[in-house]
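In: coordinates only, no sequence provided:
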């Protein structure tokens, strides 16, 4: 099974690329993680609906081979690390690749959210998209460490 983060945004700060790269290389071979940057739609005089629809058209081919999609949204389910680990373990048992979708400044297109298998949030706080990308990479690594009983994650 592969994990894919499809994130709208480009020209991320070096610290984001470096941090994501660190967690990507820590992932086990049987669960590779990759990040695909989706070019944001130029704003101009376009409406929010036009912007998110154009970004949806770029996201769709990037996740075409994935069996499930998980939309990240501020109104999504609030999961603990343990709950994310349980979901990840379940997806691993089911097989098929999983795509996590991070929208641009205007969020994700409603069709992408409605079509997602699940909608989750990383925090009740509003996170910059670059930070959300890095936090998701870290949390996926942490969830794997929980599944494998690795000491990276400590509860108590």
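Out: Ah, there it is. Fair warning: this is a prediction, and the values are worked out from it, not measured in the lab. Numbers count the residues shown, from 1 in each chain.
In: would you map the strands across this protein?
Out: For the chain, the strands defined by DSSP state E cover 3-8, 33-38, 68-78, 98-102, 118-121.
In: what's the closest non-adjacent residue to residue 32?
Out: residue 2 (5.3 Å; Cβ to Cβ, 6 or more residues apart in numbering). Quick note: C-beta positions are derived from backbone N, CA and C, even for glycine.
In: burial count for the closest residue to residue 63 other than its chain neighbours?
Out: Spatial nearest neighbour of residue 63, excluding adjacent residues (Cβ to Cβ, 6+ apart): residue 99 at 4.0 Å. Neighbour count of residue 99, defined by other Cβ atoms under 10 Å: 23.
In: check residue 117 too.
Out: Count around residue 117 with other Cβ under 10 Å applied: 13.
In: show me what contacts the nearest residue to it once chain neighbours are set aside?
Out: Using Cβ to Cβ, 6+ apart and skipping the chain neighbours, the partner closest in space to residue 117 is residue 68 (4.4 Å). Going by Cβ atoms under 8 Å, 6 or more residues apart in numbering, residue 68 touches 91, 96-99, 117-118.
In: likewise for residue 151?
Out: Residue 151 neighbours (Cβ under 8 Å, 6+ apart): residue 145.
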